[in-house]
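> give me coordinates for this.
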Amino acid sequence: MGGAFTAIPGGAEALCANPASLLELTSPELTAVYGRLYSGLSDDSKIGQGYFAFAAPVKRYLQGAAGFAWNDTRLSEAYSETSYSVSYATTVYRGIGAGLTLKYMRRGYVSDAYTALDPVFAAGYSKAALGADLGFFYRYRTNYAFGLSIKNLNKPDLGLASADRLPVEVRAGASYLMRASLLDLDAAFAGPDYTISAGAEYAFQKRYALRLGLAAGNNSRRNVNLGVGGRFGLAAFDYAYTLPLSGIANTAGSHRLAFSFRFGAEADLLRADELATAAALSRAQDRAALQEEKIRVLQERLDAVVRQSITAPAAAQPQDEKLRLLQERLDAALRQGATPAAQPVQVQPAVQPESAAQAEIRNQIEILKLELEKSRLEMEALKAHAAKPAVVAPQPKPQPQPEQPAVRRTSYTVKEGDTLESIAAAIYGNSARWPEIYRANSGSLGRGGDLKPGQVLVLP
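Next comes the predicted model:
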């Protein structure tokens with residue numbers, strides 16, 4: 001995938017990419033990776049890589065996900081880089097996940113005739129330091145996800161004779177998930193260096209996957225990645241090949257082979273679109289709660305404005321306006337043949353028209369009510385999708401019924417307690433078709449979609 005993993009839902013390998021993406025892990029997972037890096041170098045150097053990680057959801061106490069990882073890279077038994085990492089991720093605000101990784105890192109060199117004479121190694125052949133990574137993950141909608149990772153926050157020093165601090169690396173990414181495909185894009189910055197990575201994955205037969213990635217950066221660093229993967233029950237195998245196009249010469253490329261295993265019966269049935277559905281349902285619930293709160297606050301503001309207009313002192317009206325109203329009532333009484341004494345005239349207070357402030361608040365409330373209904377319908381649809389069984393048993397074929405002449409209703413009289421959704425369910429058998437009724441009667445319903453008993457609706 002070109003190394004673009006910041007915004008991809010991660011398994012146990014997420015500890016070294018973006019710890020916050022661990023939140024989309026639904027069952028414990030173990031991952032082991034072996035890599036042969038830059039094979040075929042002219043000096044016959046052998047660079048090997050090993051990675052082992054375990055991650056699992058945390059369902060009690062501090063809900064979220066946690067993991068442990070070991071990563072080791074070695075050069076022909078002469079040099080090694082080893083790290084041990086512990087990560088934890090949780091939701092911090094309205095579907096936004098945050099993850100923290102604490103890691104112990106060590107660089108080591110092998111003593112030989114050359115290093116024994118080098119003053120750089122006078123104080124020892126290894127150096128260790130503690131580091132920290134921070135990550136964020138957010139699934140905006142079912143198909144879209146965004147990630148941000150900040151590595152080496154404290155700039156750990158791994159130098160021997162002098163300081164050699166690792167630079168802070170900031171990586172941001174976005175991914176687009178389809179039913180059978182995944183696209184992602186990353187941008188990474190570490191000191192003066194930058195890298196742009198892009199990857200694509202195509203899945204077929206719900207078991208196999210093909211991957212392609214490209215990465216390019218400054219100093220003529222470019223490489224292409226090809227990969228293939230397969231899942232068999234709870235186990236999965238992945239292979240990736242990286243070929244440098246520039247920057248490193250005289251190499252046949254890097255090879256990585258990964259094995260992962262998920263624990264739990266649900267792991268074999270869980271798919272990426274189900275993960276996205278769960279995240280979308282959580283966001284819809286948060287959005288509905290926010291809309292209800294806005295409606296409550298706006299209703300309180302409207303009640304306050306109405307009370308203020310009612311309790312305003314009558315003296316606020318000009319005296320000449322009161323006299324004009326009184327004269328009009330007297331003239332009307334005389335025209336009807338009654339005297340003022342026989343028919344006393346009472347001056348009624350003028351009905352105050354709705355102020356601009358009241359109209360604006362009421363309009364906002366109606367709009368929010370409509371949005372709230374849409375959010376509730378979205379939640380119902382997502383719940384129905386999540387509850388759909390993974391394997392549908394064959395159903396007996398229905399017996400043919402004699403055809404009945406279809407009678408199409410063109411109107412409907414509203415009854416007490418009716419809503420657009422209940423009417424759509426009764427007429428069409430599908431409450432999600434309420435917008436069709438709303439659009440056909442928008443002139444009489446208004447923006448809020450409120451119904452009155454006895455009102456006649458046109459059925460499209």
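> quick one: the nearest residue to residue 180 once chain neighbours are set aside from residue 118, how far?
If the residues on either side of it in the chain are set aside, residue 180 comes closest to residue 203, at 5.1 Å by CB to CB, 6 or more residues apart in numbering. (Each C-beta comes from the backbone N, C-alpha and C, glycine too.) Look at residue 203 and residue 118: by CB to CB, to the nearest Å, they are 51 Å apart.
> more neighbours: these two, which one.
The residue with more neighbours, out of residue 203 and residue 118, is residue 203; 19 against 11, by other CB atoms under 10 Å.
> partner strands of the helix or strand harbouring that one, with direction?
Applying DSSP states H and E as the criterion places residue 203 in strand 193-204. Sheet pairing here is set by DSSP bridges, and for strand 193-204 it gives strand 181-190 (antiparallel), strand 208-217 (antiparallel).
> nearest to residue 452, of those?
Of all the strands paired with strand 193-204, strand 181-190 sits nearest to residue 452, with 48.6 Å by CB to CB.
> C-terminal to the helix or strand of the chain with the lowest mean pLDDT, what's the next element?
None of the helices or strands of the chain scores lower by mean pLDDT, DSSP states H and E than helix 319-335, at a mean of 65. Note on helix 319-335: by DSSP H and E, the next helix or strand toward the C-terminus is helix 356-387.
> return the set of buried residues in that next one.
Going by neighbour count (16 or more other CB atoms under 10 Å), the buried part of helix 356-387 is 358, 361-362, 365-370, 372-375, 377-379, 381-382.
> show me what it is packed against.
Using 3 or more CB pairs under 8 Å, 6 or more residues apart in numbering; DSSP states H and E as the contact test, the elements touching helix 356-387 are helix 272-310, helix 420-428.
> between the longest one and helix 356-387, how many degrees?
So the one you mean is helix 272-310. 160 degrees (axes from the mean of the first three to the mean of the last three CA atoms, to 10 degrees).
> give me the phi and psi for residue 241.
Torsion angles at residue 241 (phi, psi; degrees, to the nearest 10) stand at phi -130, psi 130.
> leaving out the residues flanking it, which one is nearest to it?
Here the residue nearest residue 241, using CB to CB, 6+ apart, is residue 226, at 5.0 Å.
> chain center to the helix or strand the one you found falls within: distance?
Assigned by DSSP H and E, residue 226 belongs to strand 222-232. Here the centre of strand 222-232 is set off from its chain's centre by 25 Å, with CA atoms, centre = their mean, to the nearest Å.
> sheet partners, orientation included, of that strand?
Strand 222-232 has these strand partners (DSSP bridges): strand 208-217 (antiparallel), strand 235-246 (antiparallel).
> identify the residues contacting the last one?
Surrounding strand 235-246, the residues in contact under the criterion CB atoms under 8 Å, 6 or more residues apart in numbering are 38, 211, 220-230, 251, 253-262.
> for residue 376, see how far away residue 362 is.
21 Å.
> and what of residue 369?
11 Å.
> so where's the chain uncertain?
Along the chain, segments meeting pLDDT under 70 span 265-280, 309-324, 326-327, 330, 333-354, 385-409, 442-443, 445-449.
> ok, back up a step: dump the helices and strands packed on helix 356-387 to TSV, plus distance to residue 167.
Formatted as TSV, these follow (distance: least, CB to CB, whole Å):
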stretch	distance to residue 167
helix 272-310	33
helix 420-428	56
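> of all those helices, which one is nearest residue 169?
helix 272-310 (26.5 Å).
> who's the spatially most central residue of the chain bridged to?
Nearest to the mean C-alpha position of the chain, counting by CA atoms, centre = their mean, stands residue 139 at 1.4 Å. Taking DSSP bridges, one obtains residue 145 as the residues bridged to residue 139.
> correct me, but it touches residue 174?
No - contact criterion CB atoms under 8 Å: residue 139 and residue 174 do not qualify, at 11.0 Å.
> anything in contact with each of these two?
145, 146.
> list the contacts for the closest residue to residue 377 other than its chain neighbours?
Distances taken as CB to CB, 6+ apart place residue 432 nearest to residue 377, at 6.0 Å, with adjacent residues excluded. The contact partners of residue 432, taken as CB under 8 Å, 6+ apart, are 377, 381, 424.
> wasn't residue 432 part of a helix?
Yes - using DSSP: H, G, I helix; E, B strand; the rest coil, the secondary structure at residue 432 is a helix.
> look up how far residue 423 lies from it.
12 Å.
> picking that back up, for the strands paired with strand 222-232, give me JSON lines that also has mean neighbour count and distance to residue 455.
Shown next, in JSON lines, are the strands paired with strand 222-232 (neighbours: other CB atoms under 10 Å; distance: least, CB to CB, whole Å):
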{"stretch": "strand 208-217", "mean neighbour count": "18", "distance to residue 455": "55"}
{"stretch": "strand 235-246", "mean neighbour count": "16", "distance to residue 455": "58"}
